[in-house]
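Enquirer: Model the following, please.
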Amino acid sequence: MSGELVRLTIDGREAMVPRGTTILQAAESLGIYIPRYCYHPALRIVGSCRICQVEVIGNPTPQISCFTQVAEGMDVLTDSPLVKRVRTAVMEFLLLNHPIDCPICDTSGECDLQNFYMTDGKHRSRLRHHKINRTKRKRIGQNVVLDQERCILCSRCVRFLQEVVQTHELGLFGRGAPERIDLVEGKSLDGNNYAGNIIDLCPVGALTDDDFRFKFRVWDLSRAPSICPFCSAGCNIEVHFNTELCWKNNAMRIGRVKPRLNPHVNSYWMCDIGRYSFHYTEHPDRLKQPLVREGEQQTAHSWSAALALAAAKLKQAVAGGTGRLAAFPSLYMTVESAFLFRRLFSDQFNTARMGFQSGIGLTGGDGFLLRDDRNPNRLGLELVKMDRKGGEPRDELLERLPQSKFSAVVYVQELPERDPPAELAAALRGATAALIVFATNATQFTALADIVFPICPWTEDHGTWVNWQGRAQWLTPALPPMGGAKPLAAALAGLAPFFGLNFGQGAPDELFDRMANEVPAFKGLTLPRLGGEGAGLPGFPASRLTTLTETKER
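Expert: Coordinates of the predicted model:
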């Protein structure tokens, strides 16, 4: 688009837009929505579905608004009798061979074909022949199911795989009425890190998610913004959950996770690892109350009792300066939690050894969104100076713990599958006076701990993460804590008074302000500045804070 402005009228309203703007984009600038199927702002325009046609006064035929550029003095109608007749005709053709299976379709309730039929369809079918039968329920990827008979050939999925990830698994085959979308011979979406995005792009129910199919109805789901925790990209996402199940501890509350637009981080997309890895947050092995070992058994205790006992064991471990404390923060903790953890276990205890620089998850990036570093806040912990006393690699320190004769060990779980094996916990019990664990899920490792505190996973936590770009982003809870679980920051704030420290109740805004005032990298940063897209931290080169499109072009 050029800098020259063009004046036009749309539905009687005047607009001034840059030359090169399409009619559809100009209408959106006025808040006027024009129906579309094949158009997507991040994909090449093909103008194939024809539902976006509008009337341009003086032009003998309707024009497709997604492709037609504005002109000086143009007068456009988006809802005239002619436009309505054209859209009704388009809908009739799109529905000729479409099955009437809306009641069982997972896209029902958010299907554009359904929605536009209610505004521009409602006609009697004039089809005199049998509908063309196409393949149903064809699995084309690990979680992607294709119903060809529902497809309206908008080609969004094909263009995404061709233009965005450039893997080319799908294509258009045949011509005319038998034309269909199908896998390219010899190809499959298995192994494609971004296959789930074509489900998001599908405007009808032709592509559905096997992980979500027949589990929820979309009108029962609420949506909450969040940040993906499964690599250092920090992709913006939405968590879709059932509100009525939020307070039921053993119910499956989350239906799915979808990407949320952020042009600086992930555009409209997310990888399948982030999309499908949320299930542990809803697993039956979630910890819901503090546990204290009494003999060979762990019994439930109140938070106040468990915190008091943990404080006593920690004081005993470092009594007289002779004890040794090993502390293991998590690269999943927020910057605020890391700030409190450092104040407690690095600043407070001169004998503490910190197991921080984990080597876990430093492989498998793909050059698009998925990063080699599979931890969401490594940079944030580095900026908080978590290891300023000479931290050691987490996995190496864990391995030699039983021989190191530490008096106490404080361990924060990253992911349940990353916990050390039960053999290490058993060895620690014989070599360490106290093993104190903060964890979201029960594992063989937590089962052998002396005290276990149930903490919230990322779906129930709040605070700041810093992605690989140096962009600070605010994580908000999508769901209330399960059972008696608490955010890690609140748990640490509850432990602090036993050592003469006061962090209040661990309120997120108060902790953020306190952390920002004390940690140089965050000086001058405020929560309003983070907003919904985050903010770059001072001192990071502009090249790391480019938009996704700019990064891809380079």
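Enquirer: Next up, phi/psi of Arg13, please.
Expert: Backbone geometry at Arg13, expressed as degrees, to the nearest 10, gives phi -110, psi 130.
Enquirer: In the beta-sheet assignment, what are the partners of it?
Expert: Arg13 has these beta-bridge partners by DSSP bridges: Ile10.
Enquirer: again, but for the one 5 residues further on
Expert: Per DSSP bridges, the residues bridged to Pro18 are Leu5.
Enquirer: Could you check how far it is from Gln25?
Expert: Plainly put, Pro18 is 9 Å away from Gln25 if you go by C-beta to C-beta, to the nearest Å. C-beta here means a position set from N, CA and C on the backbone, and glycine is covered the same way.
Enquirer: Compare those two and say which is more crowded by neighbours.
Expert: The residue with more neighbours, out of Pro18 and Gln25, is Gln25; 19 against 14, by other C-beta atoms under 10 Å.
Enquirer: Quick check, pLDDT for the residue nearest to that one when sequence neighbours are not counted.
Expert: Nearest-residue entry for Gln25: Val17, 7.3 Å, with adjacent residues in sequence omitted and distances by C-beta to C-beta, 6 or more residues apart in numbering. Note on Val17: pLDDT of 94.
Enquirer: now swap in Gly531 and tell me
Expert: 85.
Enquirer: In contact with it, which residues?
Expert: By C-beta atoms under 8 Å, 6 or more residues apart in numbering, no residues touch Gly531.
Enquirer: same thing with Pro225?
Expert: Neighbour list for Pro225: 236-238, 260, 476, 478, 532 [criterion: C-beta under 8 Å, 6+ apart].
Enquirer: For these, which two are the farthest from each other?
Expert: Ala478 and Gly532 (14.4 Å; C-beta to C-beta).
Enquirer: who has more neighbours, the two?
Expert: Per other C-beta under 10 Å, whichever of Ala478 and Gly532 has more neighbours is Ala478, with 25 against 12.
Enquirer: That one should be in a helix, yeah?
Expert: No: per DSSP: H, G, I helix; E, B strand; the rest coil, Ala478 lies outside any helix segment and is coil.
Enquirer: and it, what does it touch?
Expert: Taking C-beta under 8 Å, 6+ apart as the criterion, Ala478 is in contact with 224-226, 239, 241, 254, 459-460.
Enquirer: now, which of those lie within strands?
Expert: Applying DSSP state E to the contacts of Ala478, the entries found in strands are 224-226, 239, 241, 254.
Enquirer: For ChimeraX, what selects the buried ones among these?
Expert: The ChimeraX command for the buried members of the ones in strands among the contacts of Ala478 (criterion: 16 or more other C-beta atoms under 10 Å) is given here:
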select :224,226,239,241,254
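Enquirer: Out of the ones in strands among the contacts of Ala478, which is nearest to Arg7?
Expert: Once C-beta to C-beta is applied, the member of those that ends up nearest Arg7 is Pro225, at 37.0 Å.
Enquirer: rewinding a little: out of the ones in strands among the contacts of Ala478, the closest to Ile198 would be?
Expert: Val239 (20.5 Å).
Enquirer: Skipping its backbone neighbours, what lies nearest the closest one in space?
Expert: Of all residues not flanking Val239 in the chain, Ala478 sits nearest, at 3.8 Å (C-beta to C-beta, 6+ apart).
Enquirer: quick one: pLDDT of the one you found?
Expert: We have a pLDDT of 92 for Ala478.
Enquirer: What of the one 10 residues further on?
Expert: Predicted confidence (pLDDT) at Leu488: the value is 95.
Enquirer: Looks like it contacts Pro454 (just checking).
Expert: No: counting by C-beta atoms under 8 Å, Pro454 is not a contact partner of Leu488; they are 10.4 Å apart.
Enquirer: re earlier: what would the contacts of Pro225 look like in JSON lines with distance to Phe345?
Expert: Putting the contacts of Pro225 into JSON lines (distance: C-beta to C-beta, whole Å) gives the following:
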{"residue": "Asn236", "distance to Phe345": "31"}
{"residue": "Ile237", "distance to Phe345": "31"}
{"residue": "Glu238", "distance to Phe345": "35"}
{"residue": "Arg260", "distance to Phe345": "34"}
{"residue": "Thr476", "distance to Phe345": "27"}
{"residue": "Ala478", "distance to Phe345": "29"}
{"residue": "Gly532", "distance to Phe345": "33"}
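Enquirer: Right, I'll leave it there.
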